Structures are given as C-alpha cells and as structure tokens.
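# what follows is a predicted protein model with its sequence.
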Amino acid sequence: MAQRIQGTEDLYGGYMRSWQHMLDEARELFGTYGFDMIETPAIEQLDTFVHGIGESTDVVRKEMFRVFSGALLPDVMERGSEAHLKPRQRMAMRPEGTAGVVRAAVEHNFIPQGGAPVKLWYGAPMFRGERPQKGRLRQFHQVGAEVMGASDPAVDAEVIIMLMTYFERLGFTPGSLTLRINSMGDAACRPAYRASVKQFILDHADEMCEDCLERAELNPLRSFDCKNDHCREVMTAAPLAKDNLCEECAAHYAQVKAYLDEAGIAYVEDPTLVRGLDYYTRTVFEVELDEAGVGAIGGGGRYDGLMELEGGRPTPGIGFAVGFERIELALQRQGKSLETPAEPCVYVACTPDQRLKVFSVAQALRAAGVRTEEDYQARSLKSQFKQADKVNARLCVVLGDDEVAAGVATVRDMASHEQTQVSLDELASYVAAQLA
Ligand code: AMP
C-alpha cells in the first residue's frame, strides 16, 4: 500500500478546517494592521536560502531538502558533486518563509524607498529534513508576517502585539503563553559580541560538546541553546548580548519594551535567546506554552541586513512565523482545538420521478450560497433520509410527487423533526435564512 513520507501529514476533515481557520483568523487580524497576503514558490534557488538564512545554520547545513530535476540527478550522482551546476540548477524546498518573501521584494522592487513599509503575510507549507517526532515534521505549515522598510521600534512592538493577539484569537487562555524577548545587536555591535562569545567557548573548550566547538567557529551564539544541558550550564557565565549592545541598539531595545509595556503585553527578557537563523538583528522573540513540551510555537525577529544579503538595497525588516501543527498540539494541552464545525448543509431528497426537479432545486440552492447535497444513487426516500443524517444536514428538503405538483417542497429540520411547506419560488431564500 502506498504510504505518505514519514514526518508529513495529510490535512483533511477537521484537521484541514483547523488550518483554514488559522488562515482565516490571520487574514482578518493581520488585515487590520494593513497586511496583504503573498505566496512565493515552494522551491527556490538554493542561494536564496544560503545567503538569507546563513551557511553556518543547522537549517542550511543539515535540514534542507535539495531538489534536482530527473535529468540532472544522474550527472550529479556520477560526479559526486553539484559544483558544476549553474546557480539556477541548484534548488531547495523552502525551510522557512522569510528568505523567499525578501527575495520576491528585491526581485520585484516593491519596497518604496522612504515610503510606507510593505506588510505581507503568508500561510504555507515549509520543509525541513529533521528527524520526525511529535511537533517536529518534515513538512509543516506556517503562518508568517513580514514588515519591510521600517526600523521604528513601534513596528517591532506592533508585530509582537499582533502575534500575541493572534494567539488569543486562536483560543489560547490569556496569560498562558510566555513571550521571551531579547536584542541581538546589529552590524555595529554584534561582531565584537560574537567574537567575545567565541573566545568564551574556546576558553571553556574542555567543558563543551563537539557541536559547540564547531559552533565557536561557525555560529558561537547558537551554543546558548545547545541541546546538551551541560553546555547550556557553562554558557550561563558567557557574555550576554544585552550587556554588549551599542548605544543605538540599546535605545531601540528600550523603546520596544516601552511600547510593549504601554500595550500591557507581558514578556520575559531572556538574554540567552538567540534565534536559529543568521539574519536576525536587534529584536528577537519566541512564544512558548510551558506545559506543552513541543518547543516554541512561534518566533521571529528583526532582519535589517537580510535585504542586502538577497541582493537588494539596505532595507530594514521584521517578521515572525508560527507553526500550525505545534499550535494545534499546544491548544490540545489546554483542552482546545482550532477545529471549527463543518459548514451546515441541506440535503435534497426526492421520490424517483423527481430527479430532474432535484437537480434544478439543488442548483438554485447553491446559487443562493447554500451547501447542498443530493442523492446520486437512486436510493429510497428512507435511505436518503439516513444519508442526510450521515452528512450532518441541518435541513432536508423533500420533493415528493404531490409536493412538486403543488409547487412546494417540505423542509424538515433534522434536529427538531419539524416540517414546513415552502413554495418552490421561495425555497432558496427560506433555506438560506434558516441556515444563517
Ligand atoms: P523557526 O523558523 O524554526 O523559528 O520556526 C517557526 C515556527 O515554526 C516554530 O515556532 C514552530 O512552531 C514551527 N516549526 C519549526 N520547525 C518545525 C518542524 N520541523 N515541525 C513542525 N513545526 C515546526
């Protein structure tokens, strides 16, 4: 039997409706902040991710699904390398959304210099070659938002407030989530800070794991969230970003916090919070439901250098992404779910001679916006009623020979079993009103 790939999921039924609900809430809420939706391709040139996310990150080094066309693959296998391929022949499935959105902004030049910032959101599958486990999939779904063209700390605060409001709208118990924030500095102060963390790791080399020693060279800040408890313990004595910010970054961070305080948003300052991707500058944040045990359900940060890395003009940016599957898991811990009930529907049942009439009545109901089911198997009236129950119909419209002769239909409420005769001319508007 054909099977799906481990770490991927089929979205259908209630689970599909959960994902759609998450998208609907995002569209509505983010719209009030001026965001429009964007969809970028699920595959991009490898360089889009390497430049944007960073060569030293786990995502780029270990987790990206690489794509070679069937025509190229034998050649790559034979040579044991892809070095001879042109950049456009080296492709990968997107592991996250920001790099592609920024690439699109650069390619279409849609960020006016000096104008209002561009605000975009997306809801799409992402792909990471991780070892599948609870809350960690190879294809998962993210809703994300990006603001490009503004460095004002008010934007950082608004993006965070929008995210926390989103969680509340999705049903999380207010106050149950922990928002952690930090500032990672910028091009002016980060290099020196990074060097001091690297030195710290080298000074404690005999106490750190192999991965951290490698990180010291590639990406020392990542040692703050090494999976090894002992490394994290050692790192508690390492220099902290907040003590090494330049004046501008310190002022920016202070203003972000002042705006959050003003909005009454609770947060925890976590000076060891460093996000996994290289492009973050200044504000970074993550949101967790402590008892969920599935890791962060969302996070993001400022990426003032990313636009240049993707070949554009220097343009500040900030964004976040949240994972659908982890949110659903975290909500389940609170005894909740994103699932919404199926749309109410109407079943049109008839006696054998009225098939043609059902056909046109069903069309009229659909034209009035009513979700309508009918029988396609010439079932008896009794089994059509059973079918109506099965599809959870709220109403059943019955077209018997007598009814049609009299120009009416019987409308049966499936819950109360009440029956009403309605003229065929008014049927569609009557049913639509009953369902509303
Ligand atoms: P990240 O870009 O790693 O910060 O991911 C943002 C959000 O996407 C996380 O907070 C998770 O909710 C979700 N996420 C990341 N990786 C995975 C994964 N492998 N499986 C499921 N959800 C994920």
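All right, it came through fine.
# where are the low-confidence patches of the protein?
276, 292 (pLDDT under 70).
# list the contacts for the closest residue to Arg88 other than its chain neighbours?
Distance criterion CB to CB, 6 or more residues apart in numbering; nearest residue to Arg88, sequence neighbours excluded, is Gln45 at 5.9 Å. In this view, the C-beta of every residue, glycine as well, is placed from N, C-alpha and C. Contact partners of Gln45, counting by CB atoms under 8 Å, 6 or more residues apart in numbering, are Pro87, Arg88, Arg90, Met91, Ala92.
# mind listing what the third one touches?
Pointing back at Arg90 there. Here Arg90 is in contact with Gln45, Leu46, Asp47, Arg66, Glu82 (CB under 8 Å, 6+ apart).
# recalculate using a threshold of 10 Å.
Gln45, Leu46, Asp47, Val50, Arg66, Val67, Phe68, Leu72, Val76, Glu82, Ala83 (CB atoms under 10 Å, 6 or more residues apart in numbering).
# can you check Glu96 too?
Contacts for Glu96 (CB under 10 Å, 6+ apart) come out as 49, 52-53, 59, 126-128, 142, 144, 276-277, 319, 321.
# and these as CSV, adding distance to the ligand?
Shown next, in CSV, are these (distance: CB to the nearest ligand atom, whole Å):
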residue, distance to the ligand
Phe49, 12
Gly52, 12
Ile53, 9
Val59, 7
Met126, 7
Phe127, 9
Arg128, 5
Gln142, 5
Gly144, 8
Gly276, 5
Leu277, 7
Gly319, 10
Ala321, 4
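# flag every residue of the stretch 151-300 of the chain that's near the ligand.
Proximity of the stretch 151-300 of the chain to the ligand, by CB under 6 Å from any ligand atom, involves residues Gly276, Ala296, Ile297, Gly298, Gly299.
# tell me, how many residues neighbour whichever residue of the stretch 301-436 of the chain sits closest to the ligand?
Closest contact between the stretch 301-436 of the chain and the ligand, by CB to the nearest ligand atom, is at Gly323 (2.3 Å). Neighbours of Gly323 under the rule other CB atoms under 10 Å: 24.
# go back to the contacts of Gln45 and keep what's next to the ligand.
Okay, of the contacts of Gln45, nothing touches the ligand (CB under 6 Å from any ligand atom).
# out of those, list just those in helices.
Per DSSP state H, helices hold no members of the contacts of Gln45.
# out of these, who's nearest Val287?
Ala92 (27.1 Å; CB to CB).
# who does the closest one bridge with?
Glu44, Arg66 (DSSP bridges).
# my guess is it contacts Glu44. True?
Yes. Using CB atoms under 10 Å, Ala92 makes contact with Glu44 at a distance of 6.6 Å.
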